[in-house]
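Peer 1: I need the structure of the sequence given here:
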Amino acid sequence: MNAALEILKERGFFSQCTDIDGLSAAMNKGPVTFYVGCDPTGPSLHIGHMVPFFALRHLRSAGHIGIALIGGGTARIGDPSGKTEMRKMISYDQLAENEKHIEAQLNKFVGFDGKTAFSDNNKNWLADLNYIDFLRDIGSCFSVNKMLSFEAYKQRLERGLSFIEFNYQLLQSYDFLMLHQRHNCTLQIGGDDQWGNITAGVDLIRRKLGGTVELNKEHEVFGLTFPLVTRSDGNKMGKTEKGAVFLDSKMTSVFDFFQYWRNVSDEDVRKFMLLFTFLSVAEIDALCSGNINKAKERLAYEVTNIIHGKEEADNAVAGARAAFGGAGDKEHMPSAEISKAELEKGMGVIDLFFAANMGSTKSDVRRLVQQGGAAVNGKTVDDIKAVISIADRDENGDLILRSGKKKFVRIVLK
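Peer 2: Next up is the predicted model:
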């Protein structure tokens with residue numbers, strides 16, 4: 001097997017391939033241009049979106065050419081794959097804003113140089129399509145019976161599948177055809193939930209550009225998918241009680257981003273290091289065979305460094321050590337501003353914790369206190385009528401609130 005594919009397989013980026021021997025041979029001959037797509041259905045990518053883009057970095061490092069396809073056209077419909085219900089329609093103006101944010105995030109992560117990696121947007125060829133011509137030219141190549149055999153459609157048929165979503169596979173297949181013609185792209189990569197869409201694109205190119213692979217090597221194309229990443233408890237990777245772990249620090253703070261990785265289960269550390277860092281397999285194995293908590297901190301640091309940069313990663317480590325170990329730099333802990341005058345008068349514990357965003361409602365905070373989950377400077381506060389004031393600061397002048405075992409906030413006076 002080609003060395004680049006061996007790397008993907010070793011690190012967990014390999015599940016299914018349309019023709020592994022053919023793809024390996026093509027990669028051995030020289031650089032292969034490949035693509036991964038992402039629809040801008042929100043203002044930020046979350047960490048679950050990033051698996052194929054980590055694979056992109058590995059393939060580019062091995063000498064291949066990566067295209068990040070922004071789905072400005074397909075996002076107008078919505079991909080039914082892996083979804084239990086139809087996506088909400090988003091205005092074209094909002095989609096355009098999302099495209100800008102997501103392309104900037106990908107550029108920061110990938111580093112588009114226009115040669116070994118670059119972006120494209122499928123609204124360049126989808127937005128102004130003539131529907132009748134598209135149906136005649138592309139729709140005629142698809143079998144409804146075959147489309148309904150794919151898992152993505154079978155699952156949705158039980159709950160309801162809209163006609164607009166049913167068109168998605170045609171559009172994604174057309175993307176592959178267009179990228180093949182525009183950039184000589186011969187490989188599409190993605191998660192296992194994209195297998196049906198990817199193989200449909202491979203089939204469309206063969207139908208439109210010259211018959212079978214055996215008869216026309218010039219238009220030989222491939223599809224490769226990765227396992228969908230789940231945690232050891234079976235839940236979807238990158239999800240928390242608050243929702244997805246976003247790359248945008250305004251949506252998921254850098255500290256919370258760091259803590260997500262720091263708090264993964266022991267069983268997930270090696271798998272996540274292989275997928276979400278660029279550490280060598282040997283170094284990963286050495287880390288995981290030692291102190292598992294140190295390995296978790298290294299995982300959190302590496303991913304935070306990759307996504308947010310070294311300075312933010314250093315600050316997150318310092319803040320976490322201050323919050324959980326008493327060392328580190330408290331300046332980098334999550335903080336909340338409270339009026340000095342108000343705290344001098346004294347604030348009820350429920351009002352203080354609510355003002356510090358330690359609960360979404362005052363009722364949540366009340367339950368937290370009653371259940372013994374609230375603490376001030378390490379001391380549990382279980383009286384809902386307790387009053388906290390400046391006098392409760394520690395010898396260093398700090399007032400640290402804790403919710404449960406893992407959420408800390410440092411009070412900053414204004």
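Peer 1: got the contact list for the closest residue to Asp351 other than its chain neighbours?
Peer 2: Using C-beta to C-beta, 6 or more residues apart in numbering and skipping the chain neighbours, the partner closest in space to Asp351 is Lys362 (7.7 Å). Bear in mind the C-beta positions are built from the backbone N, C-alpha and C, glycine included. Applying C-beta atoms under 8 Å, 6 or more residues apart in numbering, we find Lys362 in contact with Ile350, Asp351, Phe354.
Peer 1: Look up how far Arg410 lies from Gly397.
Peer 2: Computed as C-beta to C-beta, to the nearest Å, the Gly397 to Arg410 distance reads 11 Å.
Peer 1: Sorry, wrong one. I was asking about Ser339.
Peer 2: 16 Å.
Peer 1: of these two, who's got more company?
Peer 2: The residue with more neighbours, out of Ser339 and Arg410, is Arg410; 19 against 12, by other C-beta atoms under 10 Å.
Peer 1: can you pull the contacts of Ser15?
Peer 2: The neighbours of Ser15, taking C-beta under 8 Å, 6+ apart as the test, are Asp192, Thr225, Phe226, Pro227.
Peer 1: These: which two are farthest apart?
Peer 2: Within the contacts of Ser15, Thr225 and Pro227 form the most distant pair, 8.1 Å apart (C-beta to C-beta).
Peer 1: list the residues that contact both of the two?
Peer 2: Ser15, Gly191, Asp192.
Peer 1: these two touch, right, the last one and Gln16?
Peer 2: Yes: using C-beta atoms under 8 Å as the test, Asp192 is close enough to Gln16 to be in contact (6.8 Å).
Peer 1: Identify the contacts common to those two.
Peer 2: Taking C-beta under 8 Å, 6+ apart as the criterion, Asp192 and Gln16 both touch Thr225.
Peer 1: Show me which of the two is the more surrounded one.
Peer 2: Asp192 (17 against 14).
Peer 1: Longest helix of this structure, counting residues only.
Peer 2: In the chain, taking DSSP state H as the definition, the longest helix is helix 92-110.
Peer 1: average pLDDT across that helix?
Peer 2: In this model, helix 92-110 has an average pLDDT of 96.
Peer 1: List of residues touching the host helix or strand of Ser173?
Peer 2: Assigned by DSSP states H and E, Ser173 falls within helix 168-183. Defining contact as C-beta under 8 Å, 6+ apart, one finds that helix 168-183 is touched by 33, 35, 37, 67, 69, 71, 73-74, 77-81, 120, 122, 125-126, 134, 138-139, 142, 147, 150, 185-186, 188, 194, 196-198, 200-205, 208-209, 219, 221.
Peer 1: Among the residues you listed, name the ones in helices.
Peer 2: 125-126, 134, 147, 196-198, 200-205, 208.
Peer 1: Which of the residues you listed are buried, as a ChimeraX select command?
Peer 2: Only the buried entries of the ones in helices among the contacts of helix 168-183 go into this ChimeraX selection, using 16 or more other C-beta atoms under 10 Å:
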select :125,126,134,196,197,198,200,201,202,203,204,205,208
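Peer 1: What is the lowest-pLDDT residue among the ones in helices among the contacts of helix 168-183?
Peer 2: Lowest confidence among these: Met147, with 77.
Peer 1: Can you name the residues that contact that residue?
Peer 2: By C-beta under 8 Å, 6+ apart, Met147 lies in contact with Tyr153, Phe166, Gln169, Gly196, Ala200.
Peer 1: what's the closest of these to Asp266?
Peer 2: Nearest to Asp266 among the contacts of Met147 is Gly196, at 34.9 Å by C-beta to C-beta.
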